[in-house]
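Student: Coordinates for the following, if possible.
(chains A and B)
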Protein chains: 2
Amino acid sequence: MPTLVMKFGGTSVANLDRIARAAKRVSVEVAKGYDVIVIVSAMSGKTNELVGWVDETSPLYDAREYDAVVSSGENVTAGLMALRLQEMGINARSWQGWQVPVQTTSAHASARIEDIPPANIRARFDNGMQVAVVAGFQGVSPEGRITTLGRGGSDTTAVAFAAAFEAERCDIYTDVDGVYTTDPRITSKARKLDKIAFEEMLELASLGAKVLQTRSVELAMRYKVRLRVLSSFEEPSDEAGTLVCDEEEIMEQNAVAGVAYSRDEAKLTLISVADRPGIAAAIFGPLADAGVNVDMIVQNISEEGRTDMTFSCPVDQVLRAQKAMEDAKASESINFHDFVTDDQVAKVSVVGIGMRSHAGVAADMFKALHNEGINIKVITTSEIKISVLIDRKYMELAVQALHDAFDLHKAA
Amino acid sequence: MPTLVMKFGGTSVANLDRIARAAKRVSVEVAKGYDVIVIVSAMSGKTNELVGWVDETSPLYDAREYDAVVSSGENVTAGLMALRLQEMGINARSWQGWQVPVQTTSAHASARIEDIPPANIRARFDNGMQVAVVAGFQGVSPEGRITTLGRGGSDTTAVAFAAAFEAERCDIYTDVDGVYTTDPRITSKARKLDKIAFEEMLELASLGAKVLQTRSVELAMRYKVRLRVLSSFEEPSDEAGTLVCDEEEIMEQNAVAGVAYSRDEAKLTLISVADRPGIAAAIFGPLADAGVNVDMIVQNISEEGRTDMTFSCPVDQVLRAQKAMEDAKASESINFHDFVTDDQVAKVSVVGIGMRSHAGVAADMFKALHNEGINIKVITTSEIKISVLIDRKYMELAVQALHDAFDLHKAA
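Tutor: I've put the predicted structure just below:
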């Protein structure tokens, strides 16, 4: 029988009523004849409570004990979900990470899944089990210690199970009803996408559309796991949510799939840097060491051995960046005339695999912004994404203008 | 190095402050050079919360899932205790039941420990670990499922570890400071015992002195594990608490070690039962089937083929006992003239292994009660215990009189 993976996040299993509602969803898929693997998070708030206790007990905690403590929330939900399904007449049992086993690295608190041997669960399916309820976010190390995958890790658990069991699909139930062309709070014209390609989802996820953990999308892309994001608070239907899939599954394709933004950016410029081979490393090495997440980088043409170097980072890292650059200047590893900071900028991006075959997307984007009188400060491009830094006060206007310019309110 | 087992119940690990206090106790024993095994319960209230969720989700729950859910509370405490000990510079790690492994039967929710192979923990002690913190109350079945030992099971876990590791002693930290000659709420003359024999503790435990789970005392007696009961809320000392030990360790011995009572008893009498071989089975079989816990049984001399049969049970089981007897009469499996119930009685017992060598304890007991004008309704005796049923209104008076009569306020 085909296998389906269904993942329920913390808000979808926040209390016994929600667990019962999620179980009803599961029963619909069981009735269709799927072998269902359910991945559950802890009840919302539980993991934070456990993390709080660990932090208070031991500020510089042993990550192995952290994992032993915080993994317990998922065990509770898994057992309760199995019981609820049994009450509905469904043959279900719970599995903790070590029972499957979900084999991970020993990198406690941020372990990576190495393998999920399907034999144990498969044998149970063959013996009449209809649903395996698996505690998400956890695994077991080669040393037999409990590991966790880092926050949001249950999405990754779900995708890894879908890959290991060659599932037909991996449904991620969450508190939003899918992936939108942009943030519906910024324009009411935002439209839920029926499908989106893995690459697009990755760009949107890393740009701040917090629907799916980035790692889970990477994993899904690598193993071609079809991911569906949908709300556990809506009536179930086969058309619900957004399918994240291989681009080959997406027949009709707009040039642009969505408009993303990141509000709290800063633009930093080193004026008249003494240019020489290795200067980029001399600048960005110290920034990385100082924990500054540099995003966009632009280097102007070098004239007479000097150049301007502009980069962006989150606005709350500006002070750290300044200190790192001043220290580097003091130690004479770099030399510049001035360091200019603009902490009133935002990033707006258009993302779409259709760009590869549609010429002129960048030109259309710049024109749309120009028509609104919005000045572009920095531009970066990738194969499927164009990002600009603009004054923050124009951010909403820019998102609306771009959404209109690329007709994103209309399906392809 | 000698091994010491220390068990902390739910009130002793109720919050982070109490865990820190318990960890300090542990550090004192570590400093003495012991390899310490700490057994922890769940934070008080946690197990009840989990049981409540299970009951609400599935009233006739699958005990395997019940175990998967309710065992999680101990995992949290074990991890937090290990972290707290690490903060104090002690080399500690937590162990869940399956990691040790604590091998149990498959009787979920009331499993029995079959074996605790000490190799894994022993190897860690040999490699510098000072404290193994073990989640109590849980184990793993031959099928690899999580099991629990039934309520209060952490005491049993502690004794089983002490037996498996041939520990010098098993210290049970609780919210009382030891075992008393009788309930201090009934007489201020009640005295904490320094030592008590296993057999005496068993009689006192089953008579309602709820200091230790009966099973853990049985296990301690079988494997000659020296048990110490003491409060986690007092300053530590080697003399603290009460040592439950083999009678050979107790040099001086009063005839009577303690006076126990059970308040809510009922006395039931079948009048003029037609006597024949097998009549006892015909009466007590149906009572057991009806869930009536029959305690004392007295049969009068049979005259002309008829006899009176008197027994006692908890007062809240009287209606069940009546129905069972009427049904048995209706089905003609037994025949009696009348069924008389007295639900205003209490049981008072004196317990002591010294009785074996002291003659006249029963006579002294009956005389002390007679001196107070207390009428004895039923008497039963065992090798180390004499119990009487009396009117409930005289219960406190009887306990006080017996405590005085046997000089229990004085040490032997």
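Student: Listing request: residues of the stretch 201-350 of chain A with sub-threshold pLDDT.
Tutor: A:206-210 (pLDDT under 70).
Student: Tell me the buried residues in stretch A:281-299?
Tutor: Of the residues in stretch A:281-299, A:283-284, A:286-287, A:290, A:292, A:294-296, A:298-299 count as buried by neighbour count, 16 or more other C-beta atoms under 10 Å in any protein chain shown. Bear in mind the C-beta positions are built from the backbone N, C-alpha and C, glycine included.
Student: Please state the offset of that stretch from the chain centre?
Tutor: Mean-position distance between stretch A:281-299 and its chain equals 23 Å (C-alpha atoms, centre = their mean, to the nearest Å).
Student: where along the stretch 101-250 of chain A do the helices fall?
Tutor: A:119-126, A:153-164, A:198-206, A:214-223 (DSSP state H, counting those that start in this stretch).
Student: who's in contact with the closest residue to chain B within the stretch 151-300 of chain A?
Tutor: For the stretch 151-300 of chain A, the residue closest to chain B is A:Ser154, as judged by C-beta to the nearest C-beta, at 16.5 Å. By C-beta atoms under 8 Å, 6 or more residues apart in numbering or on different chains, the contact set of A:Ser154 is A:7, A:9, A:39-41, A:74, A:136-137.
Student: and stretch A:402-412, how far apart are its ends?
Tutor: 16 Å (C-alpha to C-alpha, to the nearest Å).
Student: I misspoke; the intended subject was stretch A:248-257.
Tutor: 15 Å.
Student: quick one, domains of chain A?
Tutor: A:3-175, A:259-405 (automatic domain parsing).
Student: right, and A:Ile90 touches A:Val28 too?
Tutor: No. If you go by C-beta atoms under 8 Å, A:Ile90 and A:Val28 don't touch, sitting 11.2 Å apart.
Student: quick one, which of these two is more surrounded?
Tutor: Set A:Ile90 next to A:Val28 and count neighbours by other C-beta atoms under 10 Å in any protein chain shown: A:Ile90 wins out with 18 against 13.
Student: hang on, the earlier thing: look up the pLDDT of the residue of the stretch 151-300 of chain A closest to chain B for me, please.
Tutor: pLDDT for A:Ser154: 94.
Student: Kindly report the same for A:Leu4.
Tutor: Reported pLDDT for A:Leu4: 97.
Student: Phi first, then psi, for A:Glu49.
Tutor: Phi and psi for A:Glu49, reported as degrees, to the nearest 10, are phi -60, psi -50.
Student: and it, how many neighbours does it have?
Tutor: 13.
Student: next one: A:Glu218
Tutor: A:Glu218: 16 neighbours (other C-beta under 10 Å).
Student: residues contacting it?
Tutor: Counting by C-beta under 8 Å, 6+ apart, the residues that A:Glu218 touches are A:Leu202.
Student: returning to what we had before: kindly compare burial across the helices of the stretch 101-250 of chain A and name the winner.
Tutor: Mean neighbour count, computed with mean count of other C-beta atoms under 10 Å in any protein chain shown, is highest for helix A:153-164 among the helices of the stretch 101-250 of chain A, reaching a mean of 27.
Student: now the helices of the stretch 101-250 of chain A in JSON lines, with distance to A:Ser387?
Tutor: Output for the helices of the stretch 101-250 of chain A, formatted as JSON lines (distance: least, C-beta to C-beta, whole Å):
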{"stretch": "helix A:119-126", "distance to A:Ser387": "43"}
{"stretch": "helix A:153-164", "distance to A:Ser387": "25"}
{"stretch": "helix A:198-206", "distance to A:Ser387": "9"}
{"stretch": "helix A:214-223", "distance to A:Ser387": "17"}
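Student: nearest to A:Leu50, of those helices?
Tutor: Proximity to A:Leu50, assessed across the helices of the stretch 101-250 of chain A by C-beta to C-beta, is greatest for helix A:153-164 (14.2 Å).
Student: Sort the contacts of A:Ser154 by pLDDT and name the bottom one.
Tutor: Ranked by pLDDT, the contacts of A:Ser154 bottom out at A:Gly9, which has 93.
Student: how close does that one sit to B:Ser72?
Tutor: Distance, A:Gly9 to B:Ser72, using C-beta to C-beta, to the nearest Å: 19 Å.
Student: Look up the closest residue to A:Gly305, ignoring the ones flanking it.
Tutor: Distances taken as C-beta to C-beta, 6 or more residues apart in numbering or on different chains place A:Asp275 nearest to A:Gly305, at 5.6 Å, with adjacent residues excluded.
Student: May I ask you to name the longest strand in chain A?
Tutor: The single longest strand within chain A, with elements called by DSSP state E, is strand A:258-274.
Student: what angle separates it from helix A:198-206?
Tutor: If you take axes from the mean of the first three to the mean of the last three C-alpha atoms, to 10 degrees, strand A:258-274 sits at 70 degrees to helix A:198-206.
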